[in-house]
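Novice: Predicted model, plus sequence, below.
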Protein chains: 2
Amino acid sequence: MKALVYDGVETLGYRDVAKAMQNEGEHLIRIEASGICGSDMHAYLGHDNRRPAPLILGHEAAGVIEGGPEAGRRVTINPLVTCRRCKACTTGRENLCAERQIISMPPREGAFAQYVAMPGSNLVTVPDGVALAKAALAEPLAVSWHAVRLALEALHPEMERSALVLGGGAIGLAAALALHAMGVEEVTILEPNDNRRGFLADRCGQAVTHEGKRPASIVIDAVGYAATRATASRLAMPGGVIAHVGLGEGAGGLDIRRMTLQEISFIGTYTYTARDFRDTVQAIFDGRLGALDWFETRALSEGAQAFRDLRAGAVAAPKIVLDPWS
Amino acid sequence: MKALVYDGVETLGYRDVAKAMQNEGEHLIRIEASGICGSDMHAYLGHDNRRPAPLILGHEAAGVIEGGPEAGRRVTINPLVTCRRCKACTTGRENLCAERQIISMPPREGAFAQYVAMPGSNLVTVPDGVALAKAALAEPLAVSWHAVRLALEALHPEMERSALVLGGGAIGLAAALALHAMGVEEVTILEPNDNRRGFLADRCGQAVTHEGKRPASIVIDAVGYAATRATASRLAMPGGVIAHVGLGEGAGGLDIRRMTLQEISFIGTYTYTARDFRDTVQAIFDGRLGALDWFETRALSEGAQAFRDLRAGAVAAPKIVLDPWS
């Protein structure tokens, strides 16, 4: 099969590799759409030691089951494979399973390829009326849905609900969409890139700003650098909540003194529970997350250029989805 | 009246000052016991810009109402004075009031003195059978009660409950006592000072350790330095909670990458709500916080020496209570 292989820092090769093989209980999925995530970019830049080269990246995918009794079923993929037996798994926090695996990290190859093997429990059926490229957005949307759910659960019930989202990539935009879907009306996205900001305002109808001024009770850090955390801890209201999704830098930035004196909570949030993933997919199908037309499709064979363009800040759309068959 | 005045870095003067005067709605309290807090020590070392010299420090006090219709009523003091009208105050989060004041910070002088003026709503009656020196512990106990309550509320209900407390001063010990009172059975205090550790084990019956090895679902940082936060973010279990009370250093230490990937929450916690303060006082009276005999009493006139001894790490007891009348 064709795949886009991460061969080393800033090096991607599009070539033939051995076709994905399913283990027992798994299905072979013919991938129709596979989105590029910020964490793929971290790996591409050599900043993610969980993703050593050579490796097929990509974990935001949708496609069609190939072969077997369910052949032809259109599905979107929850890429997080967990043990389903431990305390975390049995109490609805599968994302904290000590044995968790995610496709695009060893031992599982990723979805920048024509096929991927996945357990049946990781597949959610996509109705005929929903495009598979849109269904491939389920994964980043679920990341943000989960972060927003945790933030709202942590917020004192009597506090006003307002939100500032740091970063206008797919995770930031998805957080804004989840916030709206969960009833938060005042949501602003802080995004420094002019093109991206214009796209979010004009194409997605989002309130955007290029500088953080107005405090909010909820701050979603969808970037995760020391600089964004400094902004988060400066602009979270007293008693407010920072939900931290980004994996930019491993330490620094938080104004701990202010967070202590003003009782600001910081919530580390990673991927999603199985329930969050299903709830997100349902919200996609119901239209509660909007038109979801904010991605750009490119051929997988042109994937290396897509990474270069993203790296250069030259992509206005918050998401590029790769098509392995064009 | 006599008072211990903070005159500048590491300088305290015991001398006559103008007697405290009550405003309308306030009572004059004859102070019988006034504890030394870690934050008094920060101020003494010149590390707290909220407490500029010259100033009377001290905010952990109990005494007797002097004059007026309630003369003779034995009371412990909630030192946090709030507006009682704002959203924070009316929703039970008085500690987040934007106009909050605390005695020992301008414009309010502290309780290392023979008298202090306080609003009636800040006073809680102490039964005859409870010593006022013990009642003066209400304030640090309430700080920890509040932190533990917030941590338990933030902890996922299905998680096992175990706690590691960083620092064996009064706030750390009080956190351990509050954890036990709220039903957490496995509690360990991490304290590097041998004398202090011996006191906690032998006199207070606490489980202590000099090195952090065993992860816990709840970590209480009662110190607040970068080094203790590094320990907290290393030893909090996946999905666990760090409650941060200490005000040692303003930034640094947290392993944000681990906190994100393992969904660890960090809760800034400061003082207590009015309800927490009352609940703590009730727990003191009920005996739920133990014998509360872990303080050492000294004369206010010897207060400067007490600060020097604390600074030198030469005090085994987690608390020194000063008596302004001996």
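Specialist: Cool, the structure landed.

Novice: so residue A:105 makes contact with residue A:49?
Specialist: No: with contact defined as Cβ atoms under 8 Å, residue A:105 does not count as touching residue A:49 (10.3 Å). For glycine as for every other residue, the C-beta is placed from the backbone atoms N, C-alpha and C.

Novice: neighbour count winner among the two?
Specialist: Higher neighbour count among residue A:105 and residue A:49: residue A:105, with 20 against 7, using other Cβ atoms under 10 Å in any protein chain shown.

Novice: If you tally nearby residues, what's the number for the nearest residue to the more buried one once chain neighbours are set aside?
Specialist: Nearest residue to residue A:105 in three dimensions, chain neighbours excluded: residue A:50, at 5.1 Å (Cβ to Cβ, 6 or more residues apart in numbering or on different chains). Neighbourhood size, residue A:50 [other Cβ under 10 Å]: 14.

Novice: do the same with the one 10 residues further on
Specialist: When neighbours are counted by other Cβ under 10 Å, residue A:60 registers 30.

Novice: hang on, it packs against residue A:142?
Specialist: No: the pair residue A:60 / residue A:142 is not scored as a contact, 9.7 Å apart, by Cβ under 8 Å.

Novice: related to what we said a few turns ago, would you mind stating the distance between the residue nearest to residue A:105 and residue A:39?
Specialist: Here residue A:50 is placed at a distance of 9 Å from residue A:39 (Cβ to Cβ, to the nearest Å).

Novice: For the residue nearest to residue A:105, grab phi and psi.
Specialist: As for residue A:50, its main-chain torsions (degrees, to the nearest 10) stand at phi -80, psi -10.

Novice: Check it and give its pLDDT.
Specialist: The score at residue A:50 is 92. That number is its pLDDT.

Novice: Also residue A:316?
Specialist: 88.

Novice: neighbours around it, how many?
Specialist: As a burial measure, residue A:316 scores 17 neighbours (other Cβ under 10 Å).

Novice: That one belongs to a helix?
Specialist: No: secondary structure assignment places residue A:316 outside any helix; it is coil (DSSP: H, G, I helix; E, B strand; the rest coil).

Novice: close enough to count as contact, it and residue A:198?
Specialist: Yes: between residue A:316 and residue A:198 a contact is recorded at 6.9 Å, counting by Cβ under 8 Å.

Novice: Specify the helix with the largest residue count in chain A.
Specialist: helix A:138-154 (DSSP state H).

Novice: The helix or strand following that one vs helix A:138-154, what angle?
Specialist: Downstream of helix A:138-154, the next assigned helix or strand under DSSP states H and E is strand A:162-166. Per axes from the mean of the first three to the mean of the last three Cα atoms, to 10 degrees, the angle that strand A:162-166 makes with helix A:138-154 is 140 degrees.

Novice: Pairing partners for strand A:162-166, with directions?
Specialist: strand A:186-190 (parallel), strand A:216-221 (parallel) (DSSP bridges).

Novice: where does residue A:11 sit relative to residue A:313, distance-wise?
Specialist: According to Cβ to Cβ, residue A:11 and residue A:313 sit 20 Å apart.

Novice: Let me see the ranges of the helices in chain A.
Specialist: A:38-44, A:87-90, A:132-135, A:138-154, A:170-181, A:194-202, A:226-235, A:256-261, A:274-286, A:303-311.

Novice: Can you add distance to chain B and mean neighbour count and give those back as a markdown table?
Specialist: As requested, the helices of chain A are arranged in a markdown table below (distance: least, Cβ to the nearest Cβ, whole Å; neighbours: other Cβ atoms under 10 Å in any protein chain shown):
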| stretch | distance to chain B | mean neighbour count |
| --- | --- | --- |
| helix A:38-44 | 11 | 21 |
| helix A:87-90 | 7 | 18 |
| helix A:132-135 | 26 | 22 |
| helix A:138-154 | 7 | 26 |
| helix A:170-181 | 12 | 27 |
| helix A:194-202 | 23 | 17 |
| helix A:226-235 | 7 | 20 |
| helix A:256-261 | 4 | 22 |
| helix A:274-286 | 12 | 20 |
| helix A:303-311 | 21 | 17 |
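
Novice: okay if I get these as a markdown table plus mean pLDDT?
Specialist: Formatted as a markdown table, those follow (pLDDT from 0 to 100):
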| stretch | mean pLDDT |
| --- | --- |
| helix A:38-44 | 93 |
| helix A:87-90 | 97 |
| helix A:132-135 | 97 |
| helix A:138-154 | 98 |
| helix A:170-181 | 98 |
| helix A:194-202 | 95 |
| helix A:226-235 | 98 |
| helix A:256-261 | 98 |
| helix A:274-286 | 97 |
| helix A:303-311 | 97 |
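
Novice: do you know which of those helices lies nearest residue B:6?
Specialist: helix A:256-261 (20.1 Å; Cβ to Cβ).

Novice: Mind giving me the packing neighbours of that closest one?
Specialist: Applying 3 or more Cβ pairs under 8 Å, 6 or more residues apart in numbering or on different chains; DSSP states H and E, one finds that helix A:256-261 contacts helix A:226-235, strand B:236-244, strand B:265-268.

Novice: So which of these is nearest residue B:214?
Specialist: Closest among these, once you apply Cβ to Cβ, is strand B:236-244, at 9.9 Å.

Novice: That closest one - which strands sit beside it in the sheet, and in what orientation?
Specialist: strand B:216-221 (parallel), strand B:265-268 (parallel).

Novice: what's the angle between that strand and helix B:170-181?
Specialist: Using the same axes, to 10 degrees: strand B:236-244 against helix B:170-181 is 120 degrees.

Novice: Per the annotation, how does chain A divide into domains?
Specialist: Domain ranges of chain A: A:2-137+A:292-323, A:141-268, per automatic domain parsing.

Novice: Kindly compare burial across these and name the winner.
Specialist: domain A:141-268 (a mean of 22; mean count of other Cβ atoms under 10 Å in any protein chain shown).

Novice: so residue A:26 sits right up against residue A:116, yeah?
Specialist: No: in this structure residue A:26 lies outside contact range of residue A:116 using Cβ under 8 Å: 9.5 Å.

Novice: Averaged pLDDT, stretch A:97-109. What do you get?
Specialist: Rounded mean pLDDT across stretch A:97-109 is 96.

Novice: roughly how far is it from the heart of the chain?
Specialist: The chain centroid and the centroid of stretch A:97-109 are separated by 16 Å under Cα atoms, centre = their mean, to the nearest Å.

Novice: One more: stretch A:23-34?
Specialist: 19 Å.

Novice: Can I get that stretch in CSV? Just the C-alpha atoms.
Specialist: The C-alpha trace of stretch A:23-34 is given here as CSV (Å, rounded to 0.1, in the frame of the first residue of the first chain):
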residue,chain,number,x,y,z
ASN,A,23,-4.8,-9.0,14.5
GLU,A,24,-7.7,-11.0,15.9
GLY,A,25,-10.7,-8.9,16.7
GLU,A,26,-9.5,-6.2,14.4
HIS,A,27,-10.8,-4.9,11.1
LEU,A,28,-8.8,-3.7,8.1
ILE,A,29,-10.0,-0.1,7.2
ARG,A,30,-9.5,1.4,3.8
ILE,A,31,-8.6,5.0,4.7
GLU,A,32,-10.5,7.6,2.8
ALA,A,33,-9.4,10.7,4.8
SER,A,34,-6.7,11.3,7.3
